[in-house]
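1. Sequence first, predicted coordinates after that:
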Amino acid sequence: MLNLDEILSQKLQEIKQKNRYRTRLILNENIVNFSSNDYLSLKDNPITKQKLIHNIDKLSLGSGASVLVSGYHLIQKELEKFISKFKQTEDCIVVGSGYMANIGLIQAISDEEDIIFSDELNHASIIDGIRISKAKKVIYKHCDVEDLEEKLKKYHTKGKKIIITDGVFSMEGDIAPLDKIIEISKKYDAVVIVDDAHATGIIGEEGRGSLNYFNLIPDSNIIQMGTLSKAVGSYGAFICGSRILIDYLVNTMRSVIFTTGLSPVQNFISLENFKILAKEDFRRKEVLEKSKYLANSLKNKGIDVRFFGTPIISLIVGKEENAIKLRDRLLEKGFFVQAIRPPTVPEGTSRLRITINYNHSYEDIERLCEAIDELMRLLQKSRLSF
Ligand SMILES: *Cc1c(COP(=O)(O)O)cnc(C)c1O
């Protein structure tokens, strides 16, 4: 007889044996969190909270339906207008989440004749989006424009060529060479999709994202997506591009059509936080300063971290087990830094992914640095026990 629990517990056992078992935890308030994507510390912003209280009577708690039925509300329209102005594009659509944006967008704009060229370290939502689409997938080496060009040259199609890349890579923190990617895309007549989940609010003038960072001008062959859940400190995502693109997505994107619209309350939060993000550029600058400070402090202690001028700093330790040990021991010292393991990152590259937020004090950062230094010495002497 089928026993689902038996099958699943065996699979769980395998996950545990590989040290890849995960649980959801609720962080205690006195733990300093170095694993949040709330880079600008907007998720608890008191001004937005006050405005929300003030406006709550005017806002529906739920949207009530798909945006194509009756779930489209004025606040979402305002949010879309704000974002398209910020991104200097003709139009914008706000959707449920970054995951839904990527799976829906890729499927909507591609078909079986198309070839999608995807960076090997792209986010899982992009990978899933390509899987759902019927397009052919070609993976190019991480940020390697020569490899990308070779592949664009090699693969021919009657359909479209589409290049997809993270703007700032979620687990590495490095910035895609979008200037070169766009240049190549013009040469080979390809569309470019850039996922600015971690670039929004972080790079480019006033945090306008990776296209702006490279002084590139949006055009109808470039699609920019981004999330409202990271630096914006809310929930949801956006896709920016030409008016025709957005019109087309409204008509064909399954993760827009067959899902309920975001709550007007959530969209209100996104809009208010986004306005703060755009206006208070000092937050972004300070986060980048603090990130540089941590990276340099760690490097000065001989700790080999990867830092690319974004708030994502990774300390690669290789084995899952070591990443977990470091995480657990840091937690005992009052810091939370999540151990990122496969399948989120490639085999053998388990790491501590440290993210800096605006609210971190230099003192917190210094203490973290010292704690990591102490633990790394123990780890090297193999004296770090579970
Ligand atoms: C977080 C993330 C997403 C998914 O966004 P959600 O709003 O959390 O669903 C998509 N792409 C990248 C690169 C991300 O880092």
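-> That came through, no problem.
2. mind checking the SS state of the nearest residue to Thr310 once chain neighbours are set aside?
-> In this structure, Thr310 finds its nearest non-sequential neighbour in Gly173, 4.6 Å apart by Cβ to Cβ, 6 or more residues apart in numbering. Backbone N, C-alpha and C define where each C-beta goes, glycine included. Following DSSP: H, G, I helix; E, B strand; the rest coil, the label given to Gly173 is coil.
3. Give me the pLDDT for Gly173.
-> Per-residue confidence for Gly173 comes out at a pLDDT of 97.
4. what's the answer for the one 10 residues further on, then?
-> Each residue has a pLDDT score; the one for Glu183 is 98.
5. Helices of the stretch 251-386 of the chain, start to end?
-> In the stretch 251-386 of the chain, the helices defined using DSSP state H, counting those that start in this stretch lie at 254-257, 264-279, 281-300, 320-332, 362-380.
6. Output the below-cut-off pLDDT ranges for the stretch 201-350 of the chain.
-> Low-confidence segments of the stretch 201-350 of the chain (pLDDT under 70): none present.
7. which parts of it sit against the ligand?
-> For the stretch 201-350 of the chain, the contact set with the ligand under Cβ under 6 Å from any ligand atom comprises 227, 229, 237.
8. circling back: which of the helices of the stretch 251-386 of the chain sits most buried?
-> helix 264-279 (a mean of 22; mean count of other Cβ atoms under 10 Å).
9. Show me the contact partners of that one.
-> With contacts defined as Cβ atoms under 8 Å, 6 or more residues apart in numbering, helix 264-279 is touched by 40, 42-43, 45, 47-48, 51-52, 55-56, 59-61, 63, 73, 75-76, 78-79, 82-83, 86, 94, 201, 206-207, 228, 231-236, 283-284.
10. try stretch 287-302
-> Taking Cβ under 8 Å, 6+ apart as the rule, stretch 287-302 contacts 39-40, 202, 305, 307, 309-311, 313, 315, 354, 356-358, 360, 362, 365-366, 368-369, 372-373.
11. what about 7 Å?
-> Stretch 287-302 has contacts (Cβ atoms under 7 Å, 6 or more residues apart in numbering) with 39-40, 305, 307, 309-311, 313, 354, 356-358, 360, 362, 365-366, 369, 372-373.
12. what's the answer for stretch 55-67, then?
-> By Cβ under 7 Å, 6+ apart, stretch 55-67 touches 70-71, 73, 75, 256-265, 268.
13. closest to the ligand among those residues?
-> Leu262 (11.1 Å; Cβ to the nearest ligand atom).
14. From the recorded domain assignment, give the ranges for this structure.
-> The chain is divided into the following domains under automatic domain parsing: 21-42+281-380, 59-279.
15. Most tightly packed of those domains?
-> domain 59-279 (a mean of 20).
16. What is the end-to-end distance of that one?
-> 24 Å (Cα to Cα, to the nearest Å).
17. residue boundaries of the strands in the stretch 101-250 of the chain?
-> Applying DSSP state E, counting those that start in this stretch to the stretch 101-250 of the chain gives strands spanning 115-119, 136-140, 161-166, 190-195, 222-227, 237-241.
18. Report the spatially nearest residue to the residue of the stretch 251-386 of the chain found nearest the ligand, omitting neighbours in sequence.
-> The minimum distance from the stretch 251-386 of the chain to the ligand, using Cβ to the nearest ligand atom, falls at Ile312 (9.7 Å). What sits nearest to Ile312 in space, not counting adjacent residues and going by Cβ to Cβ, 6+ apart, is Gly173, at 2.9 Å.
19. That neighbour and the ligand: what is the separation?
-> In this view, Gly173 and the ligand are 11 Å apart by Cβ to the nearest ligand atom, to the nearest Å.
20. start the count at 38, not 1, going forward
-> Taking 38 as the first residue, the last one we looked at is Gly210.
21. That residue reaches Phe345, doesn't it?
-> Yes. The criterion here is Cβ atoms under 7 Å, and Gly210 meets it with Phe345 at 5.2 Å.
22. In space, what's closest to the residue in the chain positioned nearest to the ligand - neighbours in sequence excluded?
-> In the chain, the residue that lies nearest the ligand is Gly135 (2.1 Å; Cβ to the nearest ligand atom). Nearest residue to Gly135 in three dimensions, chain neighbours excluded: Thr264, at 3.8 Å (Cβ to Cβ, 6+ apart).
23. residues contacting Tyr109?
-> Contacts of Tyr109 by Cβ under 7 Å, 6+ apart are Gly298.
24. Just list the residues touching Arg321, thanks.
-> Arg321 is in contact with 77, 238-239, 244, counting by Cβ under 7 Å, 6+ apart.
25. ok, of those, which one's closest to Arg57?
-> Comparing the contacts of Arg321 against Arg57 with Cβ to Cβ picks out Ile239 as the nearest, at 29.0 Å.
26. which residue packs closest to the spatially most central residue of the chain, ignoring adjacent ones?
-> Nearest to the geometric centre of the chain sits Ala234, at 3.7 Å (Cα atoms, centre = their mean). Once flanking residues are discounted, Ala234 sits nearest to Thr264: 4.4 Å by Cβ to Cβ, 6+ apart.
27. what bridges to that neighbour?
-> Beta bridges link Thr264 to Ala274 when assigned by DSSP bridges.
28. how close does it get to Asp151?
-> Thr264 is 25 Å from Asp151, where distance means Cβ to Cβ, to the nearest Å.
29. and what of Ile230?
-> From Ile230 to Asp151 the distance is 12 Å (Cβ to Cβ).
30. Mutual contacts of the two, please.
-> Ile199.
31. Could you tell me which residues make contact with the nearest residue to Met413 once chain neighbours are set aside?
-> With sequence-adjacent residues excluded and distances taken as Cβ to Cβ, 6+ apart, Met413 is closest to Ile340, at 5.7 Å. Applying Cβ under 7 Å, 6+ apart, we find Ile340 in contact with 352, 409-410, 413.
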